[in-house]
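only the shape, not the letters, is given here:
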């Protein structure tokens with residue numbers, strides 16, 4: 001399985017999408033590569049602190065799942081060209097720059113681990 005370069009993976013994150021909402025912190029990914037299925041969803045880290053996948057909501061317009069529910073038996077569709085909204089429920093952030101780390105596993109793509117920074 002080919003390793004996807006970091007600069008390509010970082011392109012999955014929609015820069016400027018980080019925002020505070022009533023539910024928590026929201027951000028958006030957009031899959032511009034190819035259709036795949038997420039089969040593992042480890043805690044997203046914000047500023048080095050992992051956020052519980054039980055309190056992470058992932059939606060693509062067709063599916064809405066908790067991060068902890070994503071598994072090989074219950075995959076999440078990474079639809080091509082469609083936004084994927086991620087909500088970290090209960091998280092509150094101050095304004096400014098924040099480091100975000102993703103640790104995902106695609107059925108076809110394999111490891112999708114990458115880090116980005118965004119402003120709130």
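Sure, I can see it. Please read these numbers as outputs of a predicted model, since none were measured by experiment.

any idea where the helices of the chain begin and end?
6-10 (DSSP state H).

what pLDDT, on average, does stretch 87-101 get?
Stretch 87-101 carries an average pLDDT of 96.

swap in stretch 35-51?
91.

residues in a beta bridge with the closest residue to residue 90 other than its chain neighbours, which ones?
Nearest residue to residue 90, sequence neighbours excluded (C-beta to C-beta, 6 or more residues apart in numbering): residue 24, at 5.1 Å. C-beta coordinates here come from the backbone N, C-alpha and C atoms, glycine included. Beta-bridge partners for residue 24, by DSSP bridges, are residue 89.

surely residue 24 touches residue 87?
Yes - if you go by C-beta atoms under 8 Å, residue 24 and residue 87 touch, sitting 5.7 Å apart.

burial of residue 4, as a residue count?
By other C-beta atoms under 10 Å, 18 other residues sit near residue 4.

so it sits right up against residue 104, yeah?
No - using C-beta under 8 Å as the test, residue 4 is too far from residue 104 to be in contact (11.1 Å).

who touches both of these two?
Here residue 4 and residue 104 have residue 112 as joint contacts, going by C-beta atoms under 8 Å, 6 or more residues apart in numbering.

strands along the chain, start to end?
For the chain, the strands defined by DSSP state E cover 19-20, 24-30, 36-41, 44-46, 49-51, 56-59, 64-66, 76-78, 83-89, 97-106, 110-119.

so which of those gets nearest residue 8?
Among the strands of the chain, the nearest to residue 8 by C-beta to C-beta is strand 110-119 (8.8 Å).

relative to residue 22, how far out is the closest residue to residue 18 other than its chain neighbours?
In this structure, residue 18 finds its nearest non-sequential neighbour in residue 118, 4.0 Å apart by C-beta to C-beta, 6+ apart. Between residue 118 and residue 22 the distance is 19 Å, computed by C-beta to C-beta, to the nearest Å.

compare the two (neighbour count), which wins?
Between residue 118 and residue 22, counted using other C-beta under 10 Å, residue 118 has the larger neighbour count: 17 against 4.
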